[in-house]
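Visitor: I'll drop the sequence and a predicted model, then ask my questions.
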Amino acid sequence: MRPEDRAAWLRAEIDRHNKLYHEQEKPEISDSAFDALFRELVELEAANPGLQTPDSPTLRVGAAPVQDFGQHTHAMAMLSLDNAFGEAELLSFDERVRKALETDGPVTYRAELKFDGLSLSLTYVDGLLKTAATRGDGTTGEVVTANARTLRGVPLRLAKPVPGRLEVRGEVMMSKPVFAELNRALVEKGESPFANPRNAAAGGMRQKDSRLTAARKLDFYAYGLGGFDSSVSVPESQAGLMSWLGELGFVVDSHGRLCRGADELVTFVDEVQRLRPSLPFGIDGAVIKVDDIGLQRQLGFNTRSPRWAVAYKFPSEQSFTVLQGVGWQVGRTGVVTPVAELEPVEVGGVTISRATLHNLTELQRKDVRPGDTVVVQRAGDVIPEVVGPVIEKRPPDAAIVSAPEVCPACGTKLVQEEGFVAIRCPNKASCPAQIHSKITHFVSRGAMDIEGLGEKQVSRFLELGWLNDVSSIYKLIELRDQMVELDRMGEQSVTNLLDAIEASKVRPLDRFVFALGIPLVGERTARDLASRFLSVDGLLNAKFDQLVDISDIGPKTASTVEAWLEDEENQRVVRQLIANGVRPAEVEAAEGDLFAGQTLVFTGKLEKFSRDEAEALVIRWGGKAAGSVSKNTSLVVAGPGAGSKLEKATQLGVPVTDEEGFLALLPPGTL
């Protein structure tokens, strides 16, 4: 193919993938595959300067702004960064910097995490947020001010006076736990899940109704500045700038640090790559910046990126492999979901041989078939999933996958309830797969926390007939002698397991409620239920009107909880748990009526205690703690980074105080 034809094809292909990624949130290829296309075009244009067109993607950043939103011209272009892949290219960057600065000595860099989110520019005038805009094409972005006000980490007013105009740049992020919960809810409703947290965050920022953005629970991390008036005095180093942004009320990367010379940069990126899986948010590399702002000005910019910074890219968390078959697994509620059986492949440093396909609707939408080459990812380091097939590589005899008619675990005929897309096994009392899932959830760390009773051990005890539902866990104490005789079950491990089972009998009521696995009841809702009904008996007698009266519990959740509580099999299991010695610690009555009849909402960052601890104090003194602001809210406690909840409180005329004001309300000696 002639160079000009290859360049034209690359431009069209890169533009297409940019649109799929930035505007439609439906990427077809991995980040590394896209980077390879982009790099090929850069190299081709460098070798043939006459091939570069005025609209080449190598001269612009991101995608064109969506026309549904207003347009905003950035005072300073939001440029992209050149990439470095591997240690050799990182050392080359350092060499270029030292050569441009005409120095043989080590350069001091500020090294930071490279967030995998959506870039955002915030314009403040005299300390007040005036405009928020996406990167767009780097010059013009989409105005998303109302949505930005809902972000945690975006101060509506700067914490310190800043006269004149100031643009703050940063990244919109969705945390891994929020992403996992969002996709779980989408799948439960039969809707398509998001491919990754970055796409979920981007989709959230493009909502026309800012309430929908708020529901995404997005965060904002500041990483730098755009344009600013001469009246604004800013630090002369990147490290100083990050500290200053923190003082203004922004959340900034706490992992960043100064690195003197290339060797320390290599150490930093190695440490961050090892840290990556444990972070609560997604990153795809590290950003390296010359720390001295004066030296940054001296180094300047090329056409599309600064010469004083580089993005060190980690290996992609997407890979390609062959789908060997589709299996079906049964969850604790009886929902039967498809699972991809894969030719083993390494994704983000982990070997994957199975990945979720979410539900039947999603399987049909993606149309993956045995024999297909498929894209697999560990988005946000959650459960591996199949993104979709590579149609060009599909074998001619690849057959469409059909849903099973009977449960793969127990043979019961599957049902599809009216109004639901999920297919379900109705045999909840004796389906071994459902029993296994219910038990593993019941003993998990956030629930009854029975260490030593993992999935393999549960499977083993089910095969032996020692377990048949969650209540039978507490009969294992009577089988000590038989356990000691099992392979890989010594005296000490048996003692540890039985001690853990015994200790779990008195877990707090909210942990017990969560452990029951009631559909739509997560840990927070479990706390709300425990606070409202105080005891197991109180919960078992709960009715719809009482449930829906609880803050943050809507009609759908209330109906689901009531139906679960009225089910005879569920009642039997709870009664048997009590008969086997489980005595959840009941919620104590309030110590006083300080907050009686009041509902408090906490928003923003708290310094003295966690959000859970603050809400527990409200309950302890007779009040209710809610997660959203309404006309019935009595008081909002707002810390740094407060967003949409503070704004809504102001609109509704709800009283607002800060953390110190809340502490002043508490009786002396409370803390």
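Guide: All right, it came through fine.

Visitor: Tell me which residue lies nearest the centroid of this protein.
Guide: residue 176 (2.4 Å; C-alpha atoms, centre = their mean).

Visitor: Whichever strand or helix holds residue 637: what's the following helix or strand?
Guide: Secondary structure from DSSP states H and E places residue 637 in strand 635-638. Using DSSP H and E, the helix or strand that follows strand 635-638 towards the C-terminus is helix 644-652.

Visitor: Show me which parts of that next one are buried, residue by residue.
Guide: Across helix 644-652, burial judged by 16 or more other C-beta atoms under 10 Å covers 644, 645, 646, 647, 648, 649. Glycine gets a C-beta too; all of them are placed from N, C-alpha and C.

Visitor: As CSV, the residues you listed with distance to residue 127 and pLDDT would be great.
Guide: Formatted as CSV, the buried residues of helix 644-652 follow (distance: C-beta to C-beta, whole Å; pLDDT from 0 to 100):
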residue, distance to residue 127, pLDDT
644, 19, 70
645, 20, 81
646, 15, 84
647, 16, 77
648, 21, 82
649, 20, 86
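
Visitor: could you dump those to a markdown table with distance to residue 193?
Guide: Output for those, formatted as a markdown table (distance: C-beta to C-beta, whole Å):
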| residue | distance to residue 193 |
| --- | --- |
| 644 | 24 |
| 645 | 27 |
| 646 | 31 |
| 647 | 29 |
| 648 | 29 |
| 649 | 33 |
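
Visitor: So which of these is the closest to residue 516?
Guide: residue 645 (30.1 Å; C-beta to C-beta).

Visitor: which residues touch the closest one?
Guide: When contacts are counted by C-beta atoms under 8 Å, 6 or more residues apart in numbering, residue 645 is found next to 601, 603, 628, 629, 636, 638.

Visitor: Around the closest residue to residue 571 other than its chain neighbours, how many other residues sit close by?
Guide: In space, residue 571 comes closest to residue 540 once its chain neighbours are excluded; the distance is 6.9 Å by C-beta to C-beta, 6 or more residues apart in numbering. Residues contacting residue 540 under the criterion other C-beta atoms under 10 Å number 14.

Visitor: about what we covered before: report the buried members of the contacts of residue 645.
Guide: So, by 16+ other C-beta under 10 Å, the buried ones in those are 601, 603, 629, 636, 638.

Visitor: Between those residues, which sits nearest residue 52?
Guide: residue 603 (48.8 Å).

Visitor: With adjacent residues omitted, what lies nearest to that closest one?
Guide: Residue nearest to residue 603 in three dimensions, not counting chain neighbours: residue 645, with 3.9 Å by C-beta to C-beta, 6+ apart.

Visitor: got it, and residue 129?
Guide: By the measure of C-beta to C-beta, 6+ apart, the closest residue to residue 129 outside its immediate chain neighbours is residue 156, 5.2 Å from it.

Visitor: three-state assignment of the nearest residue to residue 344 once chain neighbours are set aside?
Guide: Of all residues not flanking residue 344 in the chain, residue 353 sits nearest, at 4.6 Å (C-beta to C-beta, 6+ apart). In three-state terms, and counting by DSSP: H, G, I helix; E, B strand; the rest coil, residue 353 is strand.

Visitor: check contacts around residue 353.
Guide: Residue 353 makes contact with 341, 342, 343, 344, 345 under the criterion C-beta under 8 Å, 6+ apart.

Visitor: Can you flag the buried ones in the residues you listed?
Guide: By neighbour count, with 16+ other C-beta under 10 Å, the contacts of residue 353 hold 342, 345 as buried.

Visitor: where does the stretch 551-671 of the chain have low pLDDT?
Guide: Where the stretch 551-671 of the chain drops to pLDDT under 70, the residues are 551, 588-590, 671.

Visitor: Show me the helices in it, by range?
Guide: Shown for the stretch 551-671 of the chain, the helices assigned by DSSP state H, counting those that start in this stretch span residues 555-566, 568-579, 611-620, 644-652, 659-665.

Visitor: Hmm, residue 629 and residue 649 touching each other?
Guide: Yes - assessed by C-beta atoms under 8 Å, residue 649 is found in contact with residue 629 at 5.1 Å.

Visitor: Can you check which residues contact both of these two?
Guide: Residues touching both residue 649 and residue 629 by C-beta under 8 Å, 6+ apart: 601, 636.

Visitor: The residue nearest to residue 603 and residue 628, how far apart?
Guide: 7 Å (C-beta to C-beta, to the nearest Å).

Visitor: Report the set of residues contacting both of these two.
Guide: residue 601.

Visitor: Show me the helices in the stretch 1-150 of the chain, by range?
Guide: For the stretch 1-150 of the chain, applying DSSP H, counting those that start in this stretch gives helices covering 3-22, 31-47, 87-101, 145-148.

Visitor: highest average neighbour count across those helices?
Guide: Compared across the helices of the stretch 1-150 of the chain, helix 145-148 shows the largest average neighbour count, a mean of 22 (mean count of other C-beta atoms under 10 Å).

Visitor: Could you export the contacts of residue 645 as a markdown table, including distance to residue 402?
Guide: Listed next are the contacts of residue 645 as a markdown table, based on distance: C-beta to C-beta, whole Å:
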| residue | distance to residue 402 |
| --- | --- |
| 601 | 49 |
| 603 | 49 |
| 628 | 43 |
| 629 | 48 |
| 636 | 53 |
| 638 | 54 |
